[in-house]
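# Build me a model from this:
(2 chains)
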Amino acid sequence: MSVLVTAETRVVVQGITGHQGTGHTAQMKAFGTQVVAGVTPGKGGSQVEGVPVFDSVAEAVTKTGANTSVIFVPAPFAQDAFIEAADAGIGLAVIVTEHIPFHDMLTMYHYGRLRGTRIIGPNCPGIAAPGKAKAGIIPNVVFRPGRVGVISRSGTLTYEIVNGIKEIGLGQSTCIGLGGDPVIGTSFVDALPLFERDPDTDLLVLVGEIGGTAEEEAAEYLRHHFTKPVVAYIAGRSAPPGKRMGHAGAIIARGRGTAQSKVDALKAAGATVADFPYDVPSLVVQRLREGGTR
Amino acid sequence: MVKLAEWRGKEIFRRYRIPIPTGRVIRSLDDADAAVRSGALSLPLVVKAQVLAGGRGKGGAVKFASTPEELRTVVAGMLGMEFKGEVVKELLLEPKVSVGRELYLSIALDRSARVPVLIASGQGGVEIESLADDQLLRIPIHPFAGLAAYEKRRVGQSFGLAPPASKELGGLLDSLWQAFQREDAELVEINPLAVVEGHLVALDAKVIIEDDAGFRHPEYADIRDDRTPLEEIAREKEIAFVQLDGDIGVIANGAGLTMATLDVLGQFGGKPGVFLDLGGTDDAGKVTEAFLLMAKAHPSVVFLNIFGGVTRCDTVARGLVAAMTQVPEAERFPLVARIRGNNEDAGRDILRSAGVTALSDLKASAQAVVAAEKSRQAGRTAS
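Numbers count the residues shown, from 1 in each chain, chains lettered A, B, ... in the order given. As a prediction, this is how the structure comes out:
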């Protein structure tokens, strides 16, 4: 087993004829993923990296049995691309595109809930389960099959930490990069139950960032519903206060969202919190050696 | 994030039929004289500096004038003054009104619930953070359903207004919601929403527009009053630019990795200055552009921390070496590069033969950066 993607995952790439879409199609295939279709309206009938291209997602689904979409479509057209995927019965959409207006993401998120389509992202590196499938853009070289789950709000920092886990001699069950935008389709709290249920994950690494309250909410979930050991790292403890909403935003956050509040919440929930990214792998080894649960 | 000055926010309010005082924006003493002489405005007036920072009332950025002489004195004193780092270039003149009650309304995004939320309070005119939870009404708005009539009645009940204000509230709430959605706002805030002679009037306007929606709002493209020339270049090249207090320049790819880089430098006592975030890319051309932009900021030392995996590191290294020769001799600085990804050994060899400290370990790299900065500072003091 793994989380969200499996050996049965059949990927359709929306925006496959673009530079990113083409390059990452090759990388996903090299990872061992079944990339069965691409979609670019007007380019149906052609091939990219040996993958047949269709004019619509519905056609791709009918002809290839695609069940997971990876979306590289530019921001102004991303909402339309997602709705097309959801209407075609795609169950999981990984949206790599960055700079999607959050108003569009609100529409996409709530539309996805109506259609039963889960969104990962936007502006995210996606999902990878070594030895099974990759739906996204995380570099293949950082992975090795193993039993450590990784869940993160970051992009390249995820690669850094996943790579550290590999270099210390361990491997990963599934890694999910959720994306760091204001509105994301799947949050820590949404994804944690999947790792709790996954028999192939022994320990979870959670990589957070300052801002918002996603880590505090994750800590609340860990405390009550999660039995596996957790090692966490929060980026930005030395960063100055960044983008702030106006007063109304501050009210919603209610003074939460600082690195300290996240670290405290995670520690109180039994997680081991690393001070620096390079401390994560040895803490993982330590927690695994201790065995048992939190 | 585009923060709009009050008068721009009020222009939006006007378009959505949210009542505002009839005012005028002025940029010179002559403008002020003309506004009064033409009869467009009549004294007494309130004079409001059009700056983005809050706390204008207490900070002398909002004043009153009852006579033409007083107006000249106030305008002359306010134009060109500095308020929390911003130079005042525009003033909004509005008729002074007698304010009955002051209320609060805003709509912003609730990230966790993934819906917009309307916040209302009967205690407006003060910093909203200072209000207790029980003085605030929070109403989540489902984007597919909009603001329901019963929710609008709840706001009305909590305000306890008399007619005609009570009758105006529903329409005003609809307008605020439409403005939030259609203008792609991150925040629309009215504080205070005043009762003036029985009617509702928005005495202030705070509107923040989301950057990412720029493709459907060309009208906001030119509003970027608060950017330095370097920030402007960075923006055009889609590189995130942040200015901190230190002297170490940091180039990294991705927000999380950039923040982690700051954390790691901090561990060894390093103080970052300008930092550039390339986003998730390790594209060789973009790394080179960032390097040249960084050179313009005159850092003491530069730490380049790129975790790639897609681009070949030797390609990135060759681009960097070529860029280094474009920086004038006198403006060169020590560079510590940590580039991880394909062909990283070859990349390090190329960089080392060009005199760059090229490492693979993050901790060791951060220590090398801090050491290089210290020796440079020492060199400066000695000479």
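
# Show me the shaky parts of chain A.
For chain A, the stretches flagged by pLDDT under 70 are A:240-256, A:292-294.

# Could you pull out the helices in it for me?
A:19-30, A:57-64, A:75-87, A:102-115, A:156-167, A:188-197, A:214-225, A:247-253, A:259-268, A:280-290 (DSSP state H).

# Kindly compare burial across the ones you listed and name the winner.
helix A:156-167 (a mean of 25; mean count of other CB atoms under 10 Å in any protein chain shown). From N, CA and C alone the C-beta is placed, and that goes for glycine too.

# before we move on, back to that, so which of the helices of chain A gets nearest B:Val250?
Nearest to B:Val250 among these is helix A:156-167 (13.6 Å), distances taken as CB to CB.

# So which residues lie in contact with that closest one, not counting its own?
A:125, A:138-139, A:141-144, A:146, A:148, A:150, A:152, A:171-172, A:175, A:177, A:205, A:207, A:233, A:235, A:277-278, A:280-281, A:284, B:252-254, B:256-257, B:259-260, B:280, B:307, B:309, B:340, B:362 (CB atoms under 8 Å, 6 or more residues apart in numbering or on different chains).

# How far does stretch A:118-127 stretch from one end to the other?
As for stretch A:118-127, its first-to-last residue distance stands at 13 Å under the measure CA to CA, to the nearest Å.

# for that stretch, the distance to its chain's centre please.
Taking CA atoms, centre = their mean, to the nearest Å, the mean C-alpha location of stretch A:118-127 is offset from the chain mean by 5 Å.

# try stretch A:81-99
The chain centroid and the centroid of stretch A:81-99 are separated by 14 Å, computed with CA atoms, centre = their mean.

# pull the CA atoms of that stretch into CSV?
The C-alpha trace of stretch A:81-99 is given here as CSV (Å, rounded to 0.1, in the frame of the first residue of the first chain):
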residue,chain,number,x,y,z
ALA,A,81,-8.7,22.5,-16.6
PHE,A,82,-9.6,21.3,-13.1
ILE,A,83,-13.3,21.4,-13.6
GLU,A,84,-12.9,19.5,-16.8
ALA,A,85,-11.0,16.8,-14.9
ALA,A,86,-13.5,16.6,-12.1
ASP,A,87,-16.4,16.4,-14.7
ALA,A,88,-14.6,13.6,-16.4
GLY,A,89,-14.5,11.5,-13.2
ILE,A,90,-10.9,12.0,-12.2
GLY,A,91,-10.6,11.2,-8.5
LEU,A,92,-7.3,12.9,-7.8
ALA,A,93,-5.9,16.1,-9.3
VAL,A,94,-2.4,17.2,-8.5
ILE,A,95,-2.1,20.9,-9.5
VAL,A,96,1.5,22.0,-10.0
THR,A,97,0.6,25.4,-11.5
GLU,A,98,1.7,28.4,-9.4
HIS,A,99,0.1,31.8,-9.0
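
# and that stretch, is it in reach of chain B?
Yes. Figure legend: stretch A:81-99 in contact with chain B (CB under 8 Å from any CB of the partner chain); contacting residues A:Glu98, A:His99.

# if we can go back for a sec, the helices of chain A: which one's closest to B:Ser112?
Here helix A:214-225 is closest among the helices of chain A (CB to CB), at 6.3 Å.

# And the chain, what are its domain boundaries?
Here I'm looking at chain A. The domain map for chain A lists A:10-120, A:126-290, with the assignment taken from automatic domain parsing.

# Switch to chain B, please.
Dividing chain B into domains by automatic domain parsing, as the record does, gives the ranges B:22-95, B:99-220, B:229-382.

# now the last one: mean pLDDT?
In other words, domain B:229-382. For domain B:229-382, the mean pLDDT works out to 87.

# before we move on, back to that, of the contacts of helix A:156-167, select the buried ones using a ChimeraX command.
Applied in ChimeraX, the following selects the buried portion of the contacts of helix A:156-167 according to 16 or more other CB atoms under 10 Å in any protein chain shown:
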select /A:125,138,139,141,142,143,144,146,148,150,152,172,175,177,205,207,233,235,277,278,280,281,284 /B:252,253,254,256,257,259,260,280,307,309,340,362
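
# thinking again about what came up before, please identify which of the helices of chain A is closest to B:Val62.
When the helices of chain A are compared for distance to B:Val62 using CB to CB, the nearest one is helix A:247-253, at 17.3 Å.

# Any residues of the stretch 51-200 of chain B in contact with chain A? List them.
By CB under 8 Å from any CB, the part of the stretch 51-200 of chain B that sits against chain A consists of B:54, B:106-112, B:114-117, B:119, B:127-129, B:136, B:142-144, B:181, B:184, B:186-187, B:189, B:191.

# can you give me the helices in the stretch 51-200 of chain B?
Remark: helices of the stretch 51-200 of chain B, listed N- to C-terminal, are B:68-78, B:149-159, B:165-182; assignment by DSSP state H, counting those that start in this stretch.

# Can you report how many residues lie near the residue in the stretch 151-294 of chain A that chain B sits nearest to?
Per CB to the nearest CB, the residue of the stretch 151-294 of chain A with the smallest distance to chain B is A:Ser154, at 2.6 Å. Neighbouring residues of A:Ser154 were enumerated by other CB atoms under 10 Å in any protein chain shown; the total is 30.

# which secondary structure element contains the nearest residue to it once chain neighbours are set aside?
Once its chain neighbours are removed from consideration, A:Ser154 has its nearest residue in B:Gly256; the separation is 2.6 Å (CB to CB, 6 or more residues apart in numbering or on different chains). Secondary structure here is read from DSSP states H and E; on that basis B:Gly256 sits in helix B:255-267.

# Going along the chain from that helix, find the next helix or strand for me.
On the C-terminal side of helix B:255-267, the nearest following helix or strand under DSSP H and E is strand B:272-277.
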